[in-house]
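Q: Sequence below, structure please.
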Amino acid sequence: MKKIVLFFVFVTLAFASQAQTADEIVEKYFKAIGGAEKWKKLESQSATGYVVVQGMNIPFKMMQARPNLMYSEGEFQGNKFIESFDGTVAWMQNPFAGAAKPTKKDAEETKEAAKENFEDDFIDYKTKGHTIELDPKQEEMDGVKCYKITMKRKQGDEKIYFLDAENYVTVCMRTTAQSGPMKGQASETYLSDYKDVDGLLIPHTMETKVGGQTVMTLKMEKVELNSPTFDKKIFSFPE
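A: Numbering: from 1, shown residues only. Next up is the predicted model:
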């Protein structure tokens, strides 16, 4: 009986140690990117730059705000592309997808858009109902040794974060599409070209791969935080 009790004690301590180690890494992650308290004060973010798709550079602008507002816009061959969510309605404009005018997305896509919060998922993750688990083995991503942390979110989906084992910034995020034409497919977004913006470390290059192949690279040339000229009306569906 004594051996059995000791066995369960060791198992319990092992799980506790792993959870504590994961929290320690997350703490170092926030310290590396500017501090959790500074990120909590962030209300909005806007960016301009270009997206590289099949060798073509497409100018874009993007805006995000609390709690989960999102707007992105690009232009190609005189056609405007828009993806937006105003907190209630998810909508798009894509002439090449049969939506030459602003069109509301279906219920499934709207539900998925509502899951994505402006605030970093690691901030107060326990309060949000998420759990995290640290893989005991480091994994190499794009030539960089990383800590692998799996986050199971309250919304039911899962995100895998790969944090640089040396400087603790995010090297890659792995997700699985829950809706749309890529539903069920896993994708990896590699983050690089980190720059200091008002005391916060923000990646300016994001490369998305599916099946190991690059499908899109986003390069931000200018990033603004808490802009006083930010107009939240842009998120709303044009009636």
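Q: Show me which residues of the helix or strand where residue 148 lies are buried.
A: For residue 148, the host element (DSSP states H and E) is strand 144-152. Within strand 144-152, the residues scored as buried using 16 or more other Cβ atoms under 10 Å are 144, 146, 147, 148, 149, 151. Yep, even glycine has a C-beta here, placed from its N, CA and C like the rest.
Q: Likewise for stretch 108-126?
A: Result for stretch 108-126 [16+ other Cβ under 10 Å]: buried residues 109, 110, 112, 113, 120, 121, 122, 125.
Q: if you skip the residues just before and after it, what's nearest to the last one?
A: What that stands for is residue 125. residue 132 (6.4 Å; Cβ to Cβ, 6 or more residues apart in numbering).
Q: Kindly report the same for the third one.
A: Counting by Cβ to Cβ, 6+ apart, the nearest residue to residue 112 once its immediate chain neighbours are dropped is residue 179, at 4.5 Å.
Q: and stretch 41-49, average pLDDT?
A: On average, the pLDDT along stretch 41-49 is 96.
Q: which residues are in contact with that stretch?
A: 59-66, 118-119, 200, 204, 218-227, 230 (Cβ atoms under 8 Å, 6 or more residues apart in numbering).
Q: Now find how far off-centre it is within its chain.
A: 14 Å (Cα atoms, centre = their mean, to the nearest Å).
Q: Double-check residue 70 against residue 64; I have them as touching.
A: Yes. Using Cβ atoms under 8 Å, residue 70 and residue 64 qualify as a contacting pair, with a distance of 5.3 Å.
Q: of those two, who's got more company?
A: residue 64 (21 against 18; other Cβ atoms under 10 Å).
Q: so what's the more buried one scoring on pLDDT?
A: Reported pLDDT for residue 64: 96.
Q: So it belongs to a helix, correct?
A: No. Read with DSSP: H, G, I helix; E, B strand; the rest coil, residue 64 is strand and lies in no helix.
Q: and it, what does it touch?
A: Counting by Cβ under 8 Å, 6+ apart, residue 64 has contacts 44, 45, 46, 70, 71, 118.
Q: Just to be sure, the second one is in a strand?
A: Yes. The assignment for residue 45 is a strand, going by three-state DSSP.
Q: Count the residues that sit near it.
A: Neighbours of residue 45 using other Cβ under 10 Å come to 19.
Q: Not counting its neighbours along the chain, what's nearest residue 201?
A: residue 33 (4.2 Å).
Q: surely the one you found meets residue 39?
A: Yes. When contacts are counted by Cβ under 8 Å, residue 33 is listed as touching residue 39 (7.4 Å).
Q: Rebuild the buried residues of stretch 108-126 as JSON lines, extending it with distance to residue 210 and secondary structure.
A: What follows is the buried residues of stretch 108-126, written out as JSON lines (distance: Cβ to Cβ, whole Å; DSSP: H, G, I helix; E, B strand; the rest coil):
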{"residue": "109", "distance to residue 210": "18", "secondary structure": "helix"}
{"residue": "110", "distance to residue 210": "23", "secondary structure": "helix"}
{"residue": "112", "distance to residue 210": "17", "secondary structure": "helix"}
{"residue": "113", "distance to residue 210": "20", "secondary structure": "helix"}
{"residue": "120", "distance to residue 210": "24", "secondary structure": "coil"}
{"residue": "121", "distance to residue 210": "22", "secondary structure": "coil"}
{"residue": "122", "distance to residue 210": "25", "secondary structure": "coil"}
{"residue": "125", "distance to residue 210": "27", "secondary structure": "coil"}
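Q: Please consider this matter closed, and thank you.
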